[in-house]
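J.: I'll drop the sequence and a predicted model, then ask my questions.
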2 protein chains.
Amino acid sequence: MDEAVSRRRLFGAAGVGAAAAVGLAAAVSTSSTGGDNHSASSTGGGMVYPFRGNHQAGIATPAQDRLHFASYDVTTSRREDLVALLQDWTAAAERMTQGLGAGPYGPVSGPYAAPPDDTGEALGLPPSGLTITFGVGPSLFRDSAGQDRFGLADRQPAALRRLPHFPGDQLEDKRSDGDLCIQACADDPQVAVHAIRNLSRIAFGRAAIRWSQLGFGRTSSTSTTQATPRNLFGFKDGTANLKAEDPSLLDKDVWVGPESDQSWLVGGSYLVARRISMTIETWDRQSLQEQETVIGRTKGEGAPLSGGTEFTAPDFSLQGRGNLPLIATESHVSMAHPDHNEGRQMLRRGYNFVDGTDALGRLDAGLFFLAFVTDPRTHYIPMQTKLARSDLLSEYLVHTGSALFAVPPGIAEGEYVGQGLFSG
Amino acid sequence: MDEAVSRRRLFGAAGVGAAAAVGLAAAVSTSSTGGDNHSASSTGGGMVYPFRGNHQAGIATPAQDRLHFASYDVTTSRREDLVALLQDWTAAAERMTQGLGAGPYGPVSGPYAAPPDDTGEALGLPPSGLTITFGVGPSLFRDSAGQDRFGLADRQPAALRRLPHFPGDQLEDKRSDGDLCIQACADDPQVAVHAIRNLSRIAFGRAAIRWSQLGFGRTSSTSTTQATPRNLFGFKDGTANLKAEDPSLLDKDVWVGPESDQSWLVGGSYLVARRISMTIETWDRQSLQEQETVIGRTKGEGAPLSGGTEFTAPDFSLQGRGNLPLIATESHVSMAHPDHNEGRQMLRRGYNFVDGTDALGRLDAGLFFLAFVTDPRTHYIPMQTKLARSDLLSEYLVHTGSALFAVPPGIAEGEYVGQGLFSG
């Protein structure tokens, strides 16, 4: 595939008629099999990431700037409909990540008397580094009464259970859970929105959006090539995040290994999604000293309060006046540090969000926390239990949404996402 | 000011202590007086537009990619508080548009025991073409009982009245009206959000957000240098928009001239804000033919159905089979065309929005319509009345929010935005 491909070139002056055929051939030729998802081709306006590989893209991929995340309820009770949906989603997702329309005709070709198979708002936009990542929730396997929904009950991983209620949680049903999820990340919000919209359109009659969330300004760099972004508390977020350049840490902390109770999930991961509202107005009235004490780092440089620069390891033993530790024991950096969590790390890939204002005129804003982990029972639940109880930062946070998904591994040519769930 | 200035450089390795002083001097030196707002300096990561000039920036400025718009209720009853608020907003807005913090100390300097005078999430981000544009609503002058609120009743322009209820309007109170408004546009959403957040923080005790709206992927190019973007119907939007390169059209259709009944508004404009929800799922099930008939243009190229390319003038007299016009009389392009609206044009500056999903799982998405006009009584109300009644596109649109603001002219050195309202 021409690395500089863009929708504009495919559908622009060259004529729309031939574009679909050209595009399809191009898409096939880029579909690397069995390779890694980390390599990508760069274009004038956007990266292109391969859709197929050992792992799904959108996990170890350097975090893009914009997010549209959607959770779905499956509305069919037929197993074959669910399989067909995953096949249709795979085909459309592969096309869109390569900068093509959602369907083979695209937005402006095909039968004039039929609805276009792409909605068109991404026409002329570059691929923008789009990745589309699929997950399955616990409710896909068993309904709330515990009944097997699609003959998949014996395929449910033991770790794939609804997350527990943590202290202080104020979860909203319409921001939580779901049978399926799609994470669409891109450097252009219109490209991410276009992906979710078309996949939702394709799902009609089989699955419907349960909730969705937009995000911007990724809060965690996932690559050593990225500067550390800031969250809406104004602090750098993700300084100590696990980076994609360290495959041994990815194997230890992110990917599901062969010891899994479900072979279909090996090479996949678990995705924890938490909508965390921030009490912005309260935070903004705290002194700089209080803010830095709560976080345990300086606000400007992001250095630990024990000294050094951003990437200096925090020294939790250093004491200051009155023999108090320079980094407060219940500061966020201390509570969340791997040294205080049995060495366990998460690959965080969250985004800031602002959903307008609430009824009192306060910003409805915060962090849409996304983390990929090898097992939520060891890598998320213990730490969040501790943070919810003791982290000084918890005073300024309210968790309003929660979901857990299993993320199937990547696929080879000819396969569809989640295929292992139905075969073998 | 160094054209390549960025917050990162100001607050980064050079040391935070001196940054506030350096930055303040820099900001003063860029404040052109009496000049035009169209010129700007470009940097690696972001344009810098002058804050002062004949007109407020953010109107004729080439439309940036991201929007955060906020409407405020004034919560004080004291005229001097209102004046002080506008003065404080002016100072903070000027600083932020120049890539500095909202206050003189910035996010990480100043007294350690006091809240920082900037919230910090834009630290390290370039100015990103930020413009901040202020407006005043009819309710600032008289309350709902018609009483003079701040001694400004005789300054209320005759054209500044609540917009009428148009056919089909389903307006929500919490998405409509307001005493004051701020439009923050930038090429980075975090920069636009940072501006609204800090201005809201500064307003504490004097004004509170009534509603706010985020947007992306501007739907109207306002400069001949910009490609025409697409709205969420997948069509190019703004092909025939008034462009900033034509000052005679701006004088005729956008700026308030000396014939105004209020001298303080000369050089200003009126801002019409309408939140227009799109019935996305219904639209997506229409045939390409139906979609193009409704719009009156082709979906790919954006050419009028009478032939030619995007910028070919539509020929409404051309007929096809059965002597039917090639462009349907009630198509959107026909109904909205200046030839059918007494030659009147608007400077549209709207943005797409997606606010998640509604209770039925449908995308809560559409167009946040923003238009600057010389007089809403001639340049918006007649056309919208006609569109609401007859435009084929109306079937797919629901107006859920509405507001009208008067936008004061630009200011010279030493003045504050809206100063003319209180003096002379």
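T.: Cool, got the structure. Numbering: from 1, shown residues only, chains lettered A, B, ... in the order given.

J.: How about the stretch 301-424 of chain A: which residue is closest to chain B?
T.: A:Gly361 (4.1 Å; Cβ to the nearest Cβ). From N, CA and C alone the C-beta is placed, and that goes for glycine too.

J.: what's the pLDDT at that residue?
T.: On pLDDT, A:Gly361 comes in at 83.

J.: what's near enough to touch it?
T.: By Cβ atoms under 8 Å, 6 or more residues apart in numbering or on different chains, the contact set of A:Gly361 is B:73, B:208-210.

J.: from those residues, which ones fall inside strands?
T.: B:73, B:208-210 (DSSP state E).

J.: Of those residues, just the buried ones, ChimeraX syntax please.
T.: Buried members of these, defined by 16 or more other Cβ atoms under 10 Å in any protein chain shown, are picked up in ChimeraX with:
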select /B:73,208,209,210
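
J.: Restricting to the contacts of A:Gly361, which residues neighbour chain A?
T.: Counting by Cβ under 8 Å from any Cβ of the partner chain, B:73, B:208-210 from the contacts of A:Gly361 sit close to chain A.

J.: Of all pairs in the contacts of A:Gly361, which one is the farthest apart?
T.: Spatially, the most separated pair among the contacts of A:Gly361 is B:Asp73 and B:Ile209, at 8.0 Å (Cβ to Cβ).

J.: can you redo the ones next to chain A among the contacts of A:Gly361 as a markdown table with pLDDT?
T.: Output for those, formatted as a markdown table (pLDDT from 0 to 100):
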| residue | pLDDT |
| --- | --- |
| B:Asp73 | 97 |
| B:Ala208 | 96 |
| B:Ile209 | 96 |
| B:Arg210 | 96 |
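
J.: Pull up the residues of the stretch 251-400 of chain A that are close to chain B.
T.: When proximity is defined as Cβ under 8 Å from any Cβ, the stretch 251-400 of chain A approaches chain B at A:280-281, A:284-289, A:291, A:298-300, A:352, A:354-357, A:359, A:361-363, A:365.

J.: re earlier: A:Gln190: which of the ones next to chain A among the contacts of A:Gly361 is nearest?
T.: The closest of those, once distances to A:Gln190 are taken by Cβ to Cβ, is B:Ile209, at 25.9 Å.

J.: ok, the closest one - contacts?
T.: A:357, A:361-363, B:70-72, B:200.

J.: Just the ones in helices from the residues you listed, please.
T.: Per DSSP state H, helices hold the following members of those: B:Ser200.

J.: Make CSV out of the contacts of B:Ile209 and add distance to B:Pro258.
T.: Output for these, formatted as CSV (distance: Cβ to Cβ, whole Å):
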residue, distance to B:Pro258
A:Thr357, 38
A:Gly361, 38
A:Arg362, 42
A:Leu363, 40
B:Ala70, 31
B:Ser71, 29
B:Tyr72, 29
B:Ser200, 35
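
J.: Filter the contacts of B:Ile209 down to the buried ones, PyMOL style.
T.: In PyMOL syntax, the buried subset of the contacts of B:Ile209 is picked out as below (16+ other Cβ under 10 Å):
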select buried, (chain A and resi 357+361+362+363) or (chain B and resi 70+71+72+200)
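
J.: A:Ala273 and chain B, how far apart?
T.: Separation of A:Ala273 from chain B (Cβ to the nearest Cβ, to the nearest Å) stands at 14 Å.

J.: A:Gly401 is in contact with that residue, correct?
T.: Yes: if you go by Cβ atoms under 8 Å, A:Ala273 and A:Gly401 touch, sitting 7.2 Å apart.

J.: who's more crowded, the two?
T.: A:Ala273 (27 against 23; other Cβ atoms under 10 Å in any protein chain shown).

J.: Identify the bridge partners of the more buried one.
T.: A:Leu370, A:Ala403 (DSSP bridges).

J.: How many residues are close by whichever residue of the stretch 1-150 of chain A sits closest to chain B?
T.: Proximity of the stretch 1-150 of chain A to chain B (Cβ to the nearest Cβ) peaks at A:Gly120, 2.4 Å away. Residues near A:Gly120, counting by other Cβ under 10 Å, number 28.

J.: ok, now which ones touch it?
T.: Applying Cβ under 8 Å, 6+ apart, the residues contacting A:Gly120 are A:107-108, B:230, B:233-235, B:299.

J.: Helices along the stretch 201-350 of chain A, start to end?
T.: With DSSP state H, counting those that start in this stretch, the ranges of helices along the stretch 201-350 of chain A come out as A:247-253, A:280-284, A:288-295, A:332-336.

J.: Which elements pack onto the last one?
T.: This points to helix A:332-336. Using 3 or more Cβ pairs under 8 Å, 6 or more residues apart in numbering or on different chains; DSSP states H and E as the contact criterion, the elements in contact with helix A:332-336 are helix A:288-295, helix A:381-390.

J.: Now the residue of the stretch 251-400 of chain A found nearest chain B. Nearest residue, chain neighbours left out?
T.: Residue nearest to chain B within the stretch 251-400 of chain A (Cβ to the nearest Cβ): A:Gly300, separated by 3.6 Å. Excluding the flanking residues, the one nearest A:Gly300 by Cβ to Cβ, 6 or more residues apart in numbering or on different chains is B:Val108, at 3.6 Å.

J.: Checking my notes, the one you found in a helix, right?
T.: No: under DSSP: H, G, I helix; E, B strand; the rest coil, B:Val108 falls outside any helix and is assigned coil.

J.: What number of residues are in the vicinity of it?
T.: 23.
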